[in-house]
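Participant: Just the structure for this:
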Amino acid sequence: MPEIVVQFEASSQPVEALREAAYRLISDASCLIDTIDGRHICRLIPKDRTGRNPDEIRSRFLDLVTDQNLREKVSAETAGVRNVIIALAFGALAREREASQTG
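Facilitator: The predicted structure follows:
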């Protein structure tokens, strides 16, 4: 099966999202990611046993990259709230522990 090449501008696409998408696609294809001249070049090598055609694999990879970009955006936007929740939870646990040790 032929290699599938997908390219992204390095300035607008974090390589971490590409790596995560490649990992999530591992059952269908292997992925090599190179950064050359400001572009991330992803070479997808389909695994014969999957029965998927190259267009399906390319489409799945693009969907996974989009999904990962959204996950990272939501994570960044909610980091403050998440950190407050964690701090409050650990603070409550610390107070409970202190109360049980002194009481």
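Participant: pretty sure residue 16 contacts residue 72?
Facilitator: Yes: taking C-beta atoms under 8 Å as the definition, residue 16 is a contact partner of residue 72 at 7.3 Å. Quick note: C-beta positions are derived from backbone N, CA and C, even for glycine.
Participant: Show me what the biggest helix by length in the chain is packed against.
Facilitator: Of all the elements of type helix in the chain, the one with the most residues (DSSP state H) is helix 54-102. Contacts of helix 54-102 with other secondary structure elements, assessed using 3 or more C-beta pairs under 8 Å, 6 or more residues apart in numbering; DSSP states H and E, are made with strand 4-9, helix 15-24, strand 29-36, strand 39-46.
Participant: could you dump the longest one to PDB, C-alpha only?
Facilitator: Presented in PDB, the C-alpha positions along helix 15-24 are these (Å, rounded to 0.1, in the frame of the first residue of the first chain):
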ATOM      1  CA  VAL A  15       3.700  19.000  16.500                       C
ATOM      2  CA  GLU A  16       2.400  17.600  19.800                       C
ATOM      3  CA  ALA A  17      -1.100  17.300  18.300                       C
ATOM      4  CA  LEU A  18       0.300  15.400  15.300                       C
ATOM      5  CA  ARG A  19       2.200  13.000  17.600                       C
ATOM      6  CA  GLU A  20      -1.000  12.300  19.600                       C
ATOM      7  CA  ALA A  21      -3.000  11.800  16.400                       C
ATOM      8  CA  ALA A  22      -0.300   9.400  15.100                       C
ATOM      9  CA  TYR A  23      -0.500   7.500  18.300                       C
ATOM     10  CA  ARG A  24      -4.300   7.200  18.100                       C
END
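Participant: That one vs strand 4-9, what angle?
Facilitator: Taking axes from the mean of the first three to the mean of the last three C-alpha atoms, to 10 degrees, one finds helix 15-24 and strand 4-9 inclined to each other by 160 degrees.
Participant: So for helix 15-24, mean pLDDT?
Facilitator: Taken as a whole, helix 15-24 has an average pLDDT of 97.
Participant: Relative to the whole chain's centre, how far out is that helix?
Facilitator: Averaged C-alpha coordinates place helix 15-24 at 5 Å from its chain's average position (C-alpha atoms, centre = their mean, to the nearest Å).
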